[in-house]
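Participant: the following comprises the amino acid sequence and a computationally predicted model.
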There are 2 protein chains.
Amino acid sequence: MKKTIGLVLLLSVVLACTGAIAKEQRLYGTSALMAIVERESGSVAVIDSISHELIGKVEGLGDLKHASIVFSRDARFAYVIGRDGTLSKVDLLSLTLAAQAKAGAHSIGIAISRDNRYLMVCNYSPGGVVIFDSKDLKAIKEIPALLKDGKTLSRTVGPLDTPDNLMIFGLMEGNSVWVVDMKKEGFPVIRKFENVGDTPYDQLITPDGRYYLVGLQKSGWMGLLDTWRLDKMQRIDVRQRRIGVGEKEEVPIYHIPHLESWAITSGLAFVPAFGEKRVIVYSLKDWSIVKSIPISGTGLFVVARPGGREVWVDNVGAPGSKEERLVEIIDVDGLYVKKTIDVGTGAIDPQFTPKGEAVYISVRDENKVAVYDTDSCKLIKEIPLNKPSGIFSSDRASKFGL
Amino acid sequence: MKKTIGLVLLLSVVLACTGAIAKEQRLYGTSALMAIVERESGSVAVIDSISHELIGKVEGLGDLKHASIVFSRDARFAYVIGRDGTLSKVDLLSLTLAAQAKAGAHSIGIAISRDNRYLMVCNYSPGGVVIFDSKDLKAIKEIPALLKDGKTLSRTVGPLDTPDNLMIFGLMEGNSVWVVDMKKEGFPVIRKFENVGDTPYDQLITPDGRYYLVGLQKSGWMGLLDTWRLDKMQRIDVRQRRIGVGEKEEVPIYHIPHLESWAITSGLAFVPAFGEKRVIVYSLKDWSIVKSIPISGTGLFVVARPGGREVWVDNVGAPGSKEERLVEIIDVDGLYVKKTIDVGTGAIDPQFTPKGEAVYISVRDENKVAVYDTDSCKLIKEIPLNKPSGIFSSDRASKFGL
């Protein structure tokens, strides 16, 4: 009897080990993974962006219809925030859910602190922001984002992390931008910029980590903040960009363009116009307009290829239209569309491999991700996925504001 | 008997599994590792730069007195080139030697191609460069770097990789710079720039990936190449930088400063002078001199903190001198030394964590690496290592020219 128990024990160990060995066989570095949101099934697919092979999926991540992902510094973990406030810590090596929490009823964005210790989530409902421990997703602090009435919470957008370990977010109803110092005990709000403009809705940090930009839904300017000084929110005239809005609307706005995906390269910012089929090129020196480049539809993601020599733009348009199949490549040196690729229905969100020799594009309505060689623009591979949307390369782990 | 064999087999499996489990316990992402060369013992130490813990070491890597490291794209592997031409592929997850080869009798530098498939090694002896398969380190091609006599091989320096998947290297005796296209069958040399100046000795790619700079040991200029055009090697006057050289020598040159470690941030290049105790600041616009900043010794590594707000400089000096203990912090906004840290004897090669909240510094003659908090400049930890020298953060996996 004793011997039998011994054998059973040994067998259990062997069985347990089999799992370990299986995992060993799949050992991989984490610096070049693509985490791709499957919006309908609440799952994230993990792909090796060297071999372009699907490694696996992690499910049960809530409503991912407007999901965002940040990575732990070592890129072992992906932190996923769902539209329904589900915050998940996904282990990219074991492909399991390491922890899960509820950040709010309706969440919109996430950032990780410079030191890898904290996460901040912005909420539409109940408003305000919540700070979590990145280890176990325990909520540590809420920052209420109260309006002047002292009762109502503002919806917040962002947040973004900076090299000084600040977190910056916008208050949609508060028309304000708040700055939190993540180094200090209790995470104090160290600056409140009031009256920045009507309805902040999105933001970005320039790739050098220094400048913060906030987009405003109902004002003809953007806010620009020098994070080295934190002194004033400068107004950058973007009326040109907004010609298509409102009465002068030329084409419907199917999706408000993201700021986080503006391309900044060679001293220029490539910015999709609102409700117009063009990309506007601003000089970073004085935000004067250098050129307005016609494209096939209205751009959503405008992304610089690593090395900065090209900018790739997706096009949103009416469902079933030709333009929503197209991705366009802008030559940065010549400032013209040098190539248009017919990727497929609902092609969206070009995301480059870390050194840019390949690009991943979600083809939402064809249930696949297309991988292209960026030099030849030839299709390398199609990977079947369920309604893929946002694509996040794990080299974001070492970038500010992403 | 049969049962005994069965048990022995089971036990072997269990023992084999123990290893697997032990490895499982050490599972980690690879995006934030520090690989540190131990120059006397031919080993590389691997440190988790989030917890600042030594994970382990890999030995048997040859003569590492002037060693360099590049990473595979997923940062699973470190490729180490030793002074004696030993080329090693180190598995950063299992901490084992995955492959080893001989690249030459005396090697100097290494780069990995954009697509992760090839390595190029530059040799002092026998001269020329060799291309290897990154998978098994099989030598695929030699490029002889022949001088005009058609017989003698030039020593080569570099190489560097670019966003267009070029590799660029200098010919020390050939006074030339050659460009290899790593995308094309047979790896052709597609450009040869002759008479670039006397004795190319080091080079860099600007962080945006566009411009290549070559330093010349015996000419009063540097070569500047726009890799988008590959048309001409422009001459940048650096006589100011070289005042200390030769007859006018003010202090001995204990070590020729590296180019690869120049700090490029905020439109400025921070460059150590030759044989003079100062860092020269050039404008990237026209390479005019913006400022000359006095430091305690002669700088060797001049490194921008991520976010670009500070530049950290080590000081070389006479063995046992005060200055070789010091690391200085230059404020980029004000262009002055805002702080000097007494790190220890032979303090060298500051290397930042990917988001810059900590910095690793080798303290060669005290057999340790010191880790500092970059905001407070307080010592976080000392890690005992055997004669540490070069420190390489694995976030280099996604950077050009590093």
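Facilitator: Here it is on my side, so go on.

Participant: up against chain B, what does the stretch 151-300 of chain A have?
Facilitator: Selection of the stretch 151-300 of chain A residues close to chain B by CB under 8 Å from any CB of the partner chain yields A:162, A:163, A:164, A:165, A:183, A:208, A:209, A:210, A:228, A:265, A:266. To be clear about C-beta, it is placed using only N, CA and C from the backbone, and glycine gets the same treatment.

Participant: for the stretch 301-402 of chain A, what lies in contact range of chain B?
Facilitator: Counting by CB under 8 Å from any CB, the stretch 301-402 of chain A sits next to chain B at A:305-309, A:333, A:353-357, A:375, A:394-395, A:397-398, A:400.

Participant: try it again at 7 Å.
Facilitator: Contacts of the stretch 301-402 of chain A with chain B, taken as CB under 7 Å from any CB of the partner chain, map to A:306-309, A:333, A:354-357, A:375, A:394-395, A:397-398, A:400.

Participant: in strands only, show me the residues of the stretch 151-300 of chain A next to chain B.
Facilitator: residue A:265 (DSSP state E).

Participant: now the two most distant members of the residues of the stretch 151-300 of chain A next to chain B.
Facilitator: Greatest spatial distance among these (CB to CB): A:183 and A:266, at 33.3 Å.

Participant: spit out the contact partners of the residue nearest to the spatial centre of chain A.
Facilitator: Centroid-nearest residue in chain A: residue A:68, 5.4 Å away (criterion: CA atoms, centre = their mean). Taking CB atoms under 7 Å, 6 or more residues apart in numbering or on different chains as the criterion, residue A:68 is in contact with A:81, A:109, A:110, A:390.

Participant: hmm, back to that, weed out the non-buried ones from the residues of the stretch 301-402 of chain A next to chain B.
Facilitator: A:306-309, A:354-357, A:394-395, A:397-398, A:400 (16 or more other CB atoms under 10 Å in any protein chain shown).

Participant: ok, which stretches of chain A are helices?
Facilitator: With DSSP state H as the criterion, chain A has helices at A:2-25.

Participant: where does the prediction get shaky in it?
Facilitator: Counting by pLDDT under 70, chain A has low-confidence residues at A:1-25, A:242-261.

Participant: ok, so of the residues of the stretch 301-402 of chain A next to chain B, who is nearest chain B?
Facilitator: residue A:307 (2.5 Å; CB to the nearest CB).

Participant: quick check: closest non-adjacent residue to that closest one.
Facilitator: residue B:163 (2.5 Å; CB to CB, 6 or more residues apart in numbering or on different chains).

Participant: what are the phi and psi values for that neighbour?
Facilitator: phi -60, psi -20 (degrees, to the nearest 10).

Participant: was I right to think it contacts residue B:207?
Facilitator: No - counting by CB atoms under 7 Å, residue B:163 stays clear of residue B:207, with 11.5 Å between them.

Participant: same drill for those two, tell me which one is more crowded.
Facilitator: Set residue B:163 next to residue B:207 and count neighbours by other CB atoms under 10 Å in any protein chain shown: residue B:163 wins out with 24 against 18.

Participant: OK, contacts around the more buried one?
Facilitator: Here residue B:163 is in contact with A:306, A:307, A:309, A:355, A:356, B:114, B:209, B:400 (criterion: CB under 7 Å, 6+ apart).

Participant: can you redo those as a markdown table with distance to residue B:286?
Facilitator: Shown next, in a markdown table, are the contacts of residue B:163 (distance: CB to CB, whole Å):
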| residue | distance to residue B:286 |
| --- | --- |
| A:306 | 27 |
| A:307 | 23 |
| A:309 | 23 |
| A:355 | 30 |
| A:356 | 29 |
| B:114 | 30 |
| B:209 | 21 |
| B:400 | 24 |
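
Participant: take the residues you listed and keep only those in strands.
Facilitator: Short answer: the contacts of residue B:163 have none in strands (DSSP E).

Participant: what's in contact with stretch A:313-333?
Facilitator: A:254-255, A:265-266, A:270, A:279, A:293, A:295-302, A:308-312, A:336-350, A:361, B:228.

Participant: ignore what I typed, I meant stretch A:146-160.
Facilitator: A:108-109, A:111, A:120, A:122-124, A:126-129, A:144-145, A:167-174, A:200-203, A:205, A:212, A:401.

Participant: in that stretch, what's buried?
Facilitator: Neighbour-count burial for stretch A:146-160 [16+ other CB under 10 Å]: A:147, A:153, A:154, A:155, A:156, A:157, A:158, A:159, A:160.

Participant: same thing with stretch A:231-242?
Facilitator: A:233, A:235, A:236, A:238, A:241, A:242.

Participant: among the residues you listed, which are located in strands?
Facilitator: Per DSSP E, these map to strands at A:235, A:236.

Participant: save the buried residues of stretch A:231-242 as CSV, and put in distance to residue B:43 too.
Facilitator: Shown next, in CSV, are the buried residues of stretch A:231-242 (distance: CB to CB, whole Å):
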residue, distance to residue B:43
A:233, 52
A:235, 56
A:236, 53
A:238, 55
A:241, 56
A:242, 60
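
Participant: nearest to residue B:48 among the buried residues of stretch A:231-242?
Facilitator: Distances from residue B:48 to the buried residues of stretch A:231-242, taken by CB to CB, are shortest for residue A:233, at 38.8 Å.

Participant: list the contacts for that closest one?
Facilitator: Per CB under 7 Å, 6+ apart, neighbours of residue A:233: A:177, A:193, A:196, A:223, A:225.

Participant: for ChimeraX, what selects the buried ones among these?
Facilitator: ChimeraX command restricting the contacts of residue A:233 to the buried ones, with burial defined by 16+ other CB under 10 Å:
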select /A:177,193,196,223,225
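
Participant: taking the contacts of residue A:233 together, which two end up most distant?
Facilitator: A:196 and A:225 (8.9 Å).

Participant: my read: residue A:373 touches residue A:356, true?
Facilitator: No - here residue A:373 does not reach residue A:356: they are 10.8 Å apart, not a contact under CB under 7 Å.

Participant: just give me the neighbour total for residue A:60.
Facilitator: 12.

Participant: tell me how far residue A:68 lies from residue A:338.
Facilitator: 31 Å (CB to CB, to the nearest Å).
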